[in-house]
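Trainee: How does the following fold in three dimensions:
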Amino acid sequence: MKLKGALLQLLWLAPILTLWASPSSRLATPALPPAGYNLVWSDEFNVDGPPDPASWIFERGFVRNHEAQFYQPDNARVKNGLLVIEARRESVPNPRHEPGSTNWKNQAARSTYTSASVLTHGLHQWQYGRFELRARIDVRAGLWPAWWTLGVDGEWPSSGEIDIMEYYRGKVLANVASGTTERFKAKWHSETKPVAELGGDKWAAEFHV
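Mentor: Predicted coordinates for the structure are as follows:
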């Protein structure tokens, strides 16, 4: 299964969330790669401003799952060695709005919330490897920060999906989705861990690999 790399997604309302940090500037030393692995790509987010366009593209508008947030580039920025993805309670016009449309992406004239989703799609992809992220996420109710990959060939879910890290409803999750005999119906393999068992708010206040 080929992957189109890392997609960072934040859903629903949130304050500033730091989803990536430079190992040189944040807390613990990053884990060393296992024997036999070589570094093929990384982004330490050392240049303030928008994420590097050579590595990242933005999703825009209402994208998936009938979610309330409207994706826009303004909600992601690099500052002080961090990639910050921010969700806001904010009303912006939906340029795809079509009165009376049956497509949910076009029904709303304006957003209720805004956020950002950044992808490596079309820029970086790998078939096998170890993906490592140093992150700090907000775990208040209503949030859904996620770091995940999709296959580049075929339809979902037969193309494959690996959710390296998700958080919602008080739990951290890791998921793998594969195809079934029914089109667009996934078989899910999941592991979950309640944040309360990890340390609750104290855990969430720190960066983790």
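
Trainee: can we go C-alpha only for contacts and neighbour counts from here?
Mentor: Fine.

Trainee: contacting residues for residue 98?
Mentor: 106-107, 109 (Cα atoms under 8 Å, 6 or more residues apart in numbering).

Trainee: now that we have these, which one has the most neighbours?
Mentor: residue 106 (18 neighbours; other Cα atoms under 10 Å).

Trainee: Helix, strand or coil: sort out it for me.
Mentor: helix (DSSP: H, G, I helix; E, B strand; the rest coil).

Trainee: Residue numbering should commence at 34 henceforth.
Mentor: Okay, using 34 as the starting number, the last item reads as residue 139.

Trainee: Quick check: chain neighbours aside, which residue is closest to the residue of the chain positioned farthest from its centre?
Mentor: No residue in the chain sits farther from the centre than residue 133, which is 31.2 Å out by Cα atoms, centre = their mean. Excluding its sequence neighbours, the residue lying closest to residue 133 (Cα to Cα, 6 or more residues apart in numbering) is residue 140, at 6.9 Å.

Trainee: And the helices in this structure?
Mentor: 137-140, 228-231, 233-237 (DSSP state H).

Trainee: wait, which of the ones you listed is closest to residue 84?
Mentor: helix 233-237 (23.9 Å; Cα to Cα).

Trainee: Buried residues, that closest one. List them.
Mentor: 236-237 (16 or more other Cα atoms under 10 Å).

Trainee: And stretch 120-135, by the same measure?
Mentor: So for stretch 120-135, counting by 16+ other Cα under 10 Å, buried means 120-121, 127, 130.

Trainee: Sort out which one of these lies nearest residue 206 for me.
Mentor: residue 120 (20.7 Å).

Trainee: just checking, which of the buried residues of stretch 120-135 belong to strands?
Mentor: Among the buried residues of stretch 120-135, the members found in strands (DSSP state E) are residue 121.

Trainee: Include distance to residue 163 and pLDDT when you put the buried residues of stretch 120-135 into JSON lines, please.
Mentor: Formatted as JSON lines, the buried residues of stretch 120-135 follow (distance: Cα to Cα, whole Å; pLDDT from 0 to 100):
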{"residue": "120", "distance to residue 163": "28", "pLDDT": "89"}
{"residue": "121", "distance to residue 163": "32", "pLDDT": "93"}
{"residue": "127", "distance to residue 163": "38", "pLDDT": "98"}
{"residue": "130", "distance to residue 163": "41", "pLDDT": "98"}
